[in-house]
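Enquirer: Provide a 3D model corresponding to the input given below.
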Amino acid sequence: MKTPSHAIINLAILGRTQHSELNLLIVTGGILPDIPIFLFYFWAKYIARLPEATIWSKAYYEPFVQNIVALFHSIPLAVIGWLIAYYFGWQSVQILFLSMILHSLGDLPVHNDDAHRHFFPFSNYRFISPISYWDRKHYGSIVSVVEMLLVLLSSFRVFGFVHSYIGKALLILVNGFYLIGAASFYIRSLVSSS
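Expert: A predicted model of the protein is given here:
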């Protein structure tokens, strides 16, 4: 799934009106697993100046990069983190790890050849899903529409308990980008079929 989708869907699942102080932790846990990918891309594109094709076909699959990505997407490590936080009664840290777990569970069914090692370091197994959130060869067009609808529905729920103007603006902005993307895809498909 796209990173903003994780944040909004996780907020819809874990967020509560009476505990709005935890919203930022939920959003942080929703995006945290993808942060190493963004940092890697920034380094590869702007510091190493690698071509886009090399970034995603070679550099991203280097063992060091893959291990860091696997570490942040590891369900067992997030569960261990949650258990430690539970033991010590750290509610905010529990919420952060729950949101990270939801992120990984959301990614699990929608990654094909770019699947993460969600059970690292205990296993290098990658669940190769028959569907992808982006690859049209693996139903990416359909999956992205479903993702967009989930984000839109989640946004209706979340909008009521996000109290900051910045949070509300970000919700509107993300949904706006998704709707513009869907409209442009629809228009391109109409043009290419005619």
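Enquirer: buried sites along the helix or strand of the chain with the lowest mean pLDDT?
Expert: Taking mean pLDDT, DSSP states H and E as the measure, the helix or strand of the chain with the lowest value is helix 165-193, at a mean of 85. Buried positions in helix 165-193, judged by neighbour count with 16 or more other C-beta atoms under 10 Å: 167, 170-171, 174-175, 178. (Glycine included, C-beta is placed from N, CA and C.)
Enquirer: for the residues you listed, which one is nearest residue 153?
Expert: Nearest to residue 153, judged by C-beta to C-beta, of the buried residues of helix 165-193 is residue 175 at 10.5 Å.
Enquirer: host element of the spatially closest residue to that closest one that is not a sequence neighbour?
Expert: In space, and not counting its chain neighbours, residue 175 is closest to residue 155: 5.5 Å by C-beta to C-beta, 6 or more residues apart in numbering. Following DSSP states H and E, one finds residue 155 within helix 140-159.
Enquirer: just checking, what packs against that helix?
Expert: helix 3-14, helix 165-193 (3 or more C-beta pairs under 8 Å, 6 or more residues apart in numbering; DSSP states H and E).
Enquirer: go again using 10 Å as the cut-off
Expert: When contacts are defined as 3 or more C-beta pairs under 10 Å, 6 or more residues apart in numbering; DSSP states H and E, helix 140-159 sits against helix 3-14, helix 23-31, helix 165-193.
Enquirer: does residue 162 count as helix, strand or coil?
Expert: Following DSSP: H, G, I helix; E, B strand; the rest coil, residue 162 is assigned to coil.
Enquirer: How about the contacts made by it?
Expert: 8, 11, 15, 17, 20, 23, 27, 155, 168-171 (C-beta atoms under 10 Å, 6 or more residues apart in numbering).
Enquirer: repeat that with 8 Å
Expert: 11, 20, 23, 168, 171 (C-beta atoms under 8 Å, 6 or more residues apart in numbering).
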